[in-house]
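A.B. asks: Give me a model of this one.
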Amino acid sequence: MTKKPDEATVAAWIGLSRAQRVAMARVEARLKAEGLPPLAWYDALWELEKAGEQGLRPYELERAMLFEQYNLSRLAERLCRAGLIERDACPHDRRGRVLKISEAGRAMRRRMWDTYSEAIEEAVGAKFSLAEARSLAALLRKLE
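C.D. replies: Take a look at the predicted model:
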């Protein structure tokens with residue numbers, strides 16, 4: 001028989017879920033107000049920038065992304081049409097593709113970061129001391 005969660009555990013779950021929803025809505029609203037693309041674009045661009053010149057296969061990008069992306073092929077197509085990423089042939093799999101960030105993609109990611117970082121500070125940094133933020137980060141790592 002599986003142990004049922006106590007009230008404190010349920011309250012922690014509810015608080016975590018609400019906090020994530022509120023924080024993400026604030027970030028998305030800030031990006032939209034600045035006329036910037038959604039956060040999923042930033043997430044993909046950041047992972048591709050970190051990958052460097054070798055790029056990432058689509059399945060690698062999907063695995064690396066911070067936010068769940070239900071249709072990566074559609075996201076990649078939008079980023080490609082916007083000139084933010086490029087699709088190259090995979091050197092060891094002729095049928096496969098490698099996604100790479102373009103210079104325009106790097107510039108967009110930096111532009112988005114200006115707004116995104118301010119939203120993170122507003123949603124989290126302004127509400128906790130440095131010590132509290134460190135403690136919260138340590139506690140949340142236990143859930144990974």
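A.B. asks: Do you have the strands of this protein handy? List them.
C.D. replies: Assigned by DSSP state E, the chain shows strands spanning 85-90, 93-101.
A.B. asks: for this structure, what are the low-confidence residue spans?
C.D. replies: 69 (pLDDT under 70).
A.B. asks: now the helices: where do they sit in it?
C.D. replies: Counting by DSSP state H, one finds helices in the chain at the ranges 7-33, 39-51, 58-64, 72-81, 103-123, 130-141.
A.B. asks: Please identify the deepest-packed of those.
C.D. replies: Comparing the helices of the chain by mean neighbour count (mean count of other CB atoms under 10 Å), helix 39-51 ranks first with a mean of 20. In short, each C-beta sits where N, CA and C put it, glycine included.
A.B. asks: Centre of the chain to that helix, how far?
C.D. replies: Put simply, helix 39-51 sits 7 Å off its chain's centre (CA atoms, centre = their mean, to the nearest Å).
A.B. asks: Counting by contacts, list what that helix packs against.
C.D. replies: When contacts are defined as 3 or more CB pairs under 8 Å, 6 or more residues apart in numbering; DSSP states H and E, helix 39-51 packs onto helix 7-33, helix 58-64, helix 72-81, strand 85-90, strand 93-101, helix 103-123.
A.B. asks: let's go with 6 Å and repeat that
C.D. replies: With contacts taken as 3 or more CB pairs under 6 Å, 6 or more residues apart in numbering; DSSP states H and E, helix 39-51 sits against strand 93-101, helix 103-123.
A.B. asks: That one versus helix 7-33: what angle between them?
C.D. replies: For helix 39-51 against helix 7-33, the angle by axes from the mean of the first three to the mean of the last three CA atoms, to 10 degrees is 90 degrees.
A.B. asks: related to what we said a few turns ago, in TSV, list the helices and strands packed on helix 39-51 along with distance to Tyr70.
C.D. replies: As requested, the helices and strands packed on helix 39-51 are arranged in TSV below (distance: least, CB to CB, whole Å):
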stretch	distance to Tyr70
strand 93-101	17
helix 103-123	21
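A.B. asks: so which of the ones you listed comes closest to Glu132?
C.D. replies: Nearest to Glu132, of all the helices and strands packed on helix 39-51, is helix 103-123, at 14.0 Å by CB to CB.
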